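**Student:** Could you look at this predicted model? Sequence included:
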Amino acid sequence: MPVYCFISPDGTKTTEKFFPISKAPDHLMFQGERWERNWAAEMHGGTKSSTWPQYSNAMGVSLAEDQSKYRQYGKSKGVDIKFDRRGRMVFDSKGHRKQVCEALGATDKDGGYGDPFSG
């Protein structure tokens with residue numbers, strides 16, 4: 001199902017919700033307020049405030065000792081590798097995601113021009 005973006009009445013917060021294509025509303029009630037659909041965010045891949053940081057389940061590591069090994073390896077390559085409390089890898093920016101992928105020899109299948117990709 002596609003993800004649709006909605007913006008708060010004061011324009012300071014965004015949220016994303018899943019809907020079938022034919023069921024996506026122009027607005028929804030969220031946190032007791034009417035949130036409008038944010039078409040601009042959907043067309044441009046998200047808003048600046050909601051794009052970063054990004055979290056990767058695929059590159060996540062569940063055990064704290066394994067996370068420590070990744071952090072040490074990243075440090076040896078000059079890259080700051082971070083995890084959230086769920087074990088998901090955290091990327092602060094597009095450049096940071098690229099550095100981490102290159103250091104680990106990973107492919108960024110969500111990337112664009114200039115991002116690590118083997119194919």
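**Tutor:** Received the coordinates, thanks.
**Student:** rest of the way, CA atoms for contacts and neighbours
**Tutor:** Fine.
**Student:** and the next element down the chain from the worst-scoring helix or strand of the chain on mean pLDDT?
**Tutor:** One helix or strand of the chain scores below all others by mean pLDDT, DSSP states H and E: helix 48-51, with a mean of 57. With elements assigned by DSSP states H and E, the helix or strand that comes after helix 48-51 is strand 54-56.
**Student:** how about the very next helix or strand once past that following strand: buried residues?
**Tutor:** Sequence-wise, the next helix or strand downstream of strand 54-56 (DSSP H and E) is helix 64-76. Across helix 64-76, burial judged by 16 or more other CA atoms under 10 Å covers 67, 70, 71, 73, 74.
**Student:** Which strand residues bridge the residue nearest to the spatial centre of the chain?
**Tutor:** Centroid-nearest residue in the chain, with CA atoms, centre = their mean: residue 54, separated by 2.8 Å. Residue 54 has the following beta-bridge partners by DSSP bridges: residue 91.
**Student:** Per-residue pLDDT of it, please?
**Tutor:** In this model, residue 54 is scored at 87, pLDDT.
**Student:** cool, residue 67 as well?
**Tutor:** The model's pLDDT for residue 67 equals 91.
**Student:** how far away is it from residue 94?
**Tutor:** 21 Å (CA to CA, to the nearest Å).
**Student:** go on, residue 107?
**Tutor:** Using CA to CA, residue 107 is found at 14 Å from residue 94.
**Student:** can you check residue 33 too?
**Tutor:** For residue 33, the distance to residue 94 equals 32 Å [CA to CA].
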